[in-house]
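J.: here is a sequence with its predicted model. Questions after.
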Amino acid sequence: MIESVSHYPSVHMRHRAAPLLRERDVYLAHLLEKGLEPARVRCVAAFLVHIVHLLALDRLREVEEHEIEEASNRWIEYQSPQRRKTGVAAGATPKNFVRIAKAWLTFHGCLTLPSTSAPGFDLLIDDFRDALTSKRGLSPATVHSYTKRIQDFLRWASSWHSNLTHISMNDVDRFLRSKRAKGWQLATIATQCQALRTFFGYAEERGWCRPGMVRGIVSPRVPKYTDAPKGPSWTQVRQLIRSVSGTLPQDLRARAMLLLYSICALRSSEVSGLRLDDFDWRNETFTVRRAKRGGIQQFPIQYEVGEAILDYLKRGRPRCGCRHLFLTMHLPYRPLGPAGMWGIVGKRLKQMDVECDHMGPHSLRHACATRLLRKGSSLKEIAEYLGHQDTRSVAIYAKYDRRSLHKVAAFSLGGIR
């Protein structure tokens, strides 16, 4: 396989001499089949030679993440005739060592991920998750949020208790105090309390816990509208979008995402959930699955947004069978999650020295809402546009922009260019 990406006999010899030749060849063939350029496959092949040596792999086995991290640290100091060749590549970094090792081991089903389970409580969590979906009809985003919060609590509680009936209000209070001490805001504590009440309410119905737990979990009072909406000015938003003018795949992806956040005011989970089938190019509309309450909303494909997405589809999106719109740039290609999207937005806002408390995509959603209000849109129109059920969720914008409460014109998001 190495012969198809390199013409140097010395490279062929090093590749064949290293352990797990067949397992490495199969993976390299997979990368070529997926459309990865030969130069990048050659770089991966060079890394894999070091990876099998530094992980002491003479056969495939389960490998934990900390082993890969330790191997990458040794790789920095690793001296060998082969290392000089690898070091020539611009991508010869510990970060790429870890990324390639994880991708190769995942391909062979040999990467052991750290456990996120709560020992002894896994079945209860699974049952709770199913109930949220089937009985309460909550959106996938809310189900995921509640489940992760309960996993976090039960993982903490499992250090002292192995049975839910042993958990008391004192445990809940200690958990919340510990999170507050670590810097959790009151709003975050209140959301955690809501998740705990929902869980213990269901647990009490099933007879899993002590009675009365729900009544004892009281959310802290969170003052409303103590701060102005967190977000850049519209001028800064325009500068941000103009700054992404490159033609590299990651630039095309970033521009399309920034426009969806800024003009359509979508949440991260809503953008990451977009699929190719959601876009009706003939009728110039696209479908959004709202993160909260699980609603469906149709949006017109605004000109700048549509052009940016088409550019990304034609010249930036990897060729693969995945139907999600936004994908990672490296194999194995997979949907880009909210965390990755946060980094794309936050990194660029920091480079611009924008001063706002929240540097991620949600700050652009706030900027869009403020822009709509200042252009004369009513609170009802803004609430509908942002996917809220009523105007109370957007009333904060009115408090901090009273002069724009009256309607002065039809709203427009022009001026991006």
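T.: That came in fine, so what should we check first?
J.: need the pLDDT of residue 388.
T.: We have a pLDDT of 64 for residue 388.
J.: ok, now residue 17?
T.: pLDDT for residue 17: 85.
J.: then residue 414?
T.: 52.
J.: same check, this time on residue 208
T.: pLDDT, residue 208: 91.
J.: and what of the one 4 residues further on?
T.: Listed pLDDT for residue 212 reads 92.
J.: is it true that residue 143 touches residue 128?
T.: No - using Cβ atoms under 8 Å, residue 143 is not in contact with residue 128, being 9.4 Å away. Where C-beta positions appear, they are placed from N, C-alpha and C, glycine not excepted.
J.: neighbour count: these two, which is higher?
T.: When residue 143 and residue 128 are compared for neighbours, residue 128 comes out ahead with 23 against 19, by other Cβ atoms under 10 Å.
J.: show me what contacts the more buried one?
T.: Contacts for residue 128 (Cβ atoms under 8 Å, 6 or more residues apart in numbering) come out as 146-147, 150, 199, 202-203.
J.: where along this structure do the strands fall?
T.: Taking DSSP state E, the strands of the chain run over residues 63-64, 111-112, 279-280, 285-289, 296-300.
J.: packing partners for the third one?
T.: Under the contact criterion of 3 or more Cβ pairs under 8 Å, 6 or more residues apart in numbering; DSSP states H and E, the helices and strands touching strand 279-280 comprise strand 285-289.
J.: the strand it packs on pairs with which strands?
T.: Within its sheet, strand 285-289 is paired with strand 279-280 (antiparallel), strand 296-300 (antiparallel), according to DSSP bridges.
J.: quick one: distance of stretch 305-313 to the chain centre.
T.: Its chain's C-alpha centre and that of stretch 305-313 lie 21 Å apart, by Cα atoms, centre = their mean, to the nearest Å.
J.: quick one: residue 371 and residue 184, what's the gap?
T.: 31 Å (Cβ to Cβ, to the nearest Å).
J.: so those two - more neighbours on which side?
T.: Each of residue 371 and residue 184 has its neighbours counted (other Cβ under 10 Å); residue 371 has more, 23 against 15.
J.: quick one: that one and residue 234 touch, right?
T.: Yes - using Cβ under 8 Å, residue 371 is in contact with residue 234, at 4.9 Å.
J.: related to what we said a few turns ago, dump the strands of the chain to a markdown table, plus mean neighbour count, distance to residue 27 and mean pLDDT.
T.: Below are the strands of the chain laid out as a markdown table (neighbours: other Cβ atoms under 10 Å; distance: least, Cβ to Cβ, whole Å; pLDDT from 0 to 100):
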| stretch | mean neighbour count | distance to residue 27 | mean pLDDT |
| --- | --- | --- | --- |
| strand 63-64 | 16 | 14 | 86 |
| strand 111-112 | 16 | 13 | 84 |
| strand 279-280 | 16 | 33 | 94 |
| strand 285-289 | 18 | 34 | 91 |
| strand 296-300 | 13 | 40 | 87 |
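J.: what's the closest of those strands to residue 363?
T.: strand 285-289 (19.1 Å; Cβ to Cβ).
J.: low-confidence stretches in the stretch 201-350 of the chain?
T.: 224-231, 292-294 (pLDDT under 70).
J.: where along it do the helices fall?
T.: Taking DSSP state H, counting those that start in this stretch as the test, the helices found in the stretch 201-350 of the chain are 213-216, 234-243, 249-264, 268-272, 303-315, 338-351.
J.: buried sites along the shortest one?
T.: When burial is assessed from 16 or more other Cβ atoms under 10 Å, helix 213-216 yields the following buried residues: 213-214.
J.: distance from the chain centre to it, please.
T.: Distance of helix 213-216 from the chain centroid (Cα atoms, centre = their mean) equals 33 Å.
J.: using PDB, write out every CA atom in that helix.
T.: Written as PDB, here are the backbone C-alpha positions of helix 213-216 (Å, rounded to 0.1, in the frame of the first residue of the first chain):
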ATOM      1  CA  MET A 213     -37.100  14.500  47.500                       C
ATOM      2  CA  VAL A 214     -38.700  16.600  44.800                       C
ATOM      3  CA  ARG A 215     -40.200  19.100  47.400                       C
ATOM      4  CA  GLY A 216     -36.800  19.500  49.000                       C
END
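J.: from the contact counts, what lies against that helix?
T.: Counting by 3+ Cβ pairs under 8 Å, 6+ apart, the packing neighbours recorded for helix 213-216 are helix 169-181, helix 186-205.
J.: deepest of these, which one?
T.: helix 186-205 (a mean of 18; mean count of other Cβ atoms under 10 Å).
J.: residues in contact with that one?
T.: Helix 186-205 is contacted from outside by 124, 128, 131-132, 145-146, 149-150, 153, 164, 172, 176, 179-180, 184, 209, 211, 213-214, 217-222, using Cβ under 8 Å, 6+ apart.
J.: how many other residues sit next to residue 221?
T.: Residues near residue 221, counting by other Cβ under 10 Å, number 8.
J.: residue contacts, it?
T.: With contacts defined as Cβ under 8 Å, 6+ apart, residue 221 is in contact with residue 186.
J.: if you set the cut-off to 7 Å instead, what comes out?
T.: Contacts for residue 221 were tallied using Cβ atoms under 7 Å, 6 or more residues apart in numbering; there are none.
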